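> Provide a 3D model corresponding to the input given below.
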Amino acid sequence: MIDLYPAIDLRGGHVVRLRQGDYSDETIYGEDPVAVAQSFVDAGATWIHIVDLDAAKSGSPVNRPIIESVAEALRDRASVQTGGGVRAVDDARELARAGVARVVMGSAAVADPWLVAAASEIVPVAVGLDHRDGEVAVHGWTEGSGLRLDDAYALFPAAEVFVVTDISRDGMLDGPDVDGLTRSAEIAGAPVIASGGVADLDDIARLATIDGLGGIITGKAIYEGRFTVADAIARLRESTS
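Sure thing, here's the model as predicted:
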């Protein structure tokens with residue numbers, strides 16, 4: 001079964017979405033992240049994907065108390081996967097103490113793959129590989145790393161999963177990169193979680209056909225009312241049965 005990961009992006013305590021990661025192009029969708037997370041779980045979600053946008057930009061984990069509140073509210077009902085500003089083993093340790101089930105390491109992992117192995121001793125780690133035209137981007141998508149996506153997977157044997165985001169599609173509702181994600185799932189060595197571009201239930205169904213896909217992150221399509229969490233989970237079950 002492929003898991004659905006409804007996304008909650010936090011900035012200043014609000015539930016927001018950015019367009020292609022642009023902090024100046026923000027839409028606020030909610031004032032109560034705990035209530036939003038609970039509504040997704042009430043609809044059947046077993047995972048929630050949280051991104052601390054403030055921490056990703058500044059390194060200051062100002063939204064960490066909110067993440068802890070979400071994890072506490074969902075205890076024994078659903079698991080929380082969170083990223084944004086997870087730059088050191090201590091960050092992973094603090095998030096594990098906060099009740100997070102999996103942390104996402106992106107730029108820090110690319111800069112120092114050893115961090116993934118070290119953090120994995122404390123809490124399962126997803127490596128976030130955000131790419132633009134196949135080049136992994138870092139530092140809030142502002143810089144190219146010189147690392148090609150196809151070459152990145154072998155650097156992280158301790159990763160539990162990989163979160164793969166096509167930056168050009170993030171927040172655009174233009175559809176996911178099915179061909180690219182299919183290739184990633186073939187070579188990654190661990191399940192791939194697709195992120196970016198999901199616009200409708202047909203996109204969910206197309207992604208569900210990819211062997212080795214472990215999950216689908218979707219945010220804007222839910223907030224814009226294109227489908228509900230319950231609808232997406234039902235389509236996943238249909239497509240994988």
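> neighbouring contacts of the longest helix along the chain?
For the chain, the longest helix by residue count, based on DSSP state H, is helix 229-240. Helix 229-240 is contacted from outside by 1-2, 4, 6, 39-40, 43-45, 201, 204-205, 208-209, 216, 218, 222, 227, using Cβ atoms under 8 Å, 6 or more residues apart in numbering. To be clear about C-beta, it is placed using only N, CA and C from the backbone, and glycine gets the same treatment.
> restricted to buried residues, select those in ChimeraX.
In ChimeraX, this line selects whichever of those come out buried by 16 or more other Cβ atoms under 10 Å:
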select :2,4,6,39,40,43,44,45,201,204,208,216,218,222,227
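> which of the contacts of helix 229-240 fall in strands?
Among the contacts of helix 229-240, the members falling in strands (DSSP state E) are 4, 6, 216, 218.
> check these against residue 34 and report the nearest one.
For the ones in strands among the contacts of helix 229-240, the minimum distance to residue 34 (Cβ to Cβ) is 13.6 Å, reached by residue 6.
> which residue sits closest to the closest one, ignoring its sequence neighbours?
residue 40 (4.2 Å; Cβ to Cβ, 6 or more residues apart in numbering).
> and for residue 155?
Residue 155 sits nearest to residue 113 (Cβ to Cβ, 6+ apart), 4.4 Å away.
> can you check residue 182 too?
residue 210 (5.1 Å).
> tell me where the protein has strands.
So, for the chain - with DSSP E - the strands run 3-11, 14-19, 22-30, 47-52, 79-83, 102-105, 125-132, 135-138, 143-148, 161-166, 192-195, 213-218.
> which one of those strands lies closest to residue 93?
strand 102-105 (9.6 Å).
> so in that sheet, which strands flank that closest one, and in what orientation?
strand 79-83 (parallel), strand 125-132 (parallel) (DSSP bridges).
> before we move on, the earlier item: if I look at the residue nearest to residue 182, how far off is residue 237?
Using Cβ to Cβ, to the nearest Å, residue 210 is found at 16 Å from residue 237.
> looking at these two, which is more packed in?
residue 210 (21 against 13; other Cβ atoms under 10 Å).
> give me the pLDDT for that one.
Residue 210 is assigned a predicted lDDT (pLDDT) of 97.
> check contacts around it.
Counted by Cβ under 8 Å, 6+ apart, residue 210 has contacts 178, 181-182, 185, 192, 194.
> may I see the buried residues of the longest helix of the chain?
Neighbour-count burial for helix 229-240 [16+ other Cβ under 10 Å]: 229, 231-233, 235-236.
> with pLDDT and distance to residue 27 added, can I get these in a markdown table?
Converted to a markdown table, those look like this (pLDDT from 0 to 100; distance: Cβ to Cβ, whole Å):
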| residue | pLDDT | distance to residue 27 |
| --- | --- | --- |
| 229 | 98 | 19 |
| 231 | 98 | 21 |
| 232 | 98 | 20 |
| 233 | 98 | 24 |
| 235 | 97 | 25 |
| 236 | 96 | 26 |
